[in-house]
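# Just need the structure, nothing else, for what follows:
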Amino acid sequence: MRCWQFAMLNDVAARNGWTTFVSMQGEYSLLYREEEREMLAYCKHNGIGVIPWVTLVSGVLARPGTTREKKLSSADTTIINRVEELAKKKNCKMSQIALAWVASKVSSPIVGISSIRRLQESIIEEIELTPEDIKCLEEPYEPKAICGNL
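This is a model prediction of the structure:
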């Protein structure tokens, strides 16, 4: 959804005395950061929680060599390689690096869990990314077309 659409729906609710949005759920990951254009700032300004999904891009940011038939750009591949390199450097899982990055941006990401082990791996409170780590992960990103309901 485009930010202006979300803002208009929120305004209609406020003008009619209806409940306004308390959260926004959208796609957000190291490989899809388009919500940074406007939506994250709008939500922060209006006290709306952001609950991103597809934070691990169906496993692409969790395991080396996973593509799930998703077409990846060269920038995406570079980001994935940097996630893998950083995970090795910090002696943790790729998924933990990707989730630590998301957690540096928002507080409540949705993570798909298929086992107790995956749940335990998703607890990333001890994984800290430095500003240099974040810059390294973000630098190759290339903007994409907005996806979702338009």
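# Can you tell me the SS state at G47?
The three-state assignment at G47 reads coil, by DSSP: H, G, I helix; E, B strand; the rest coil.
# Could you check how many residues crowd around the nearest residue to R63 once chain neighbours are set aside?
In space, and not counting its chain neighbours, R63 is closest to M94: 6.5 Å by C-beta to C-beta, 6 or more residues apart in numbering. Using the backbone N, CA and C atoms, a C-beta is placed for each residue, glycine as well. Neighbour count of M94, defined by other C-beta atoms under 10 Å: 23.
# so how far is the lowest-mean-pLDDT helix or strand in the chain from its chain's centroid?
Comparing helices and strands within the chain by mean pLDDT, DSSP states H and E singles out helix 116-121 as the least confident, with a mean of 82. Between the centre of helix 116-121 and the centre of its chain there are 19 Å (C-alpha atoms, centre = their mean, to the nearest Å).
# residues in contact with the lengthiest helix in the chain?
Longest helix in the chain by number of residues (criterion: DSSP state H): helix 74-90. When contacts are defined by C-beta atoms under 8 Å, 6 or more residues apart in numbering, helix 74-90 is touched by residues 30-31, 60-61, 64, 72, 93-94, 96-98, 127, 129, 133, 136-137, 140-142.
# Just the buried subset of those residues, please.
30-31, 60-61, 93-94, 96-98, 127, 129, 133, 136-137, 140-141 (16 or more other C-beta atoms under 10 Å).
# And these, which is closest to L9?
Among the buried ones among the contacts of helix 74-90, L31 lies closest to L9 (C-beta to C-beta), at 27.0 Å.
# pretty sure that closest one is touching L61, no?
Yes - between L31 and L61 there is a contact at 6.9 Å, judged by C-beta atoms under 8 Å.
# follow-up on the earlier one: mark which of the contacts of helix 74-90 are part of helices, please.
94, 96-98, 133, 136-137.
# For these, which two are the farthest from each other?
Q96 and C136 (15.7 Å).
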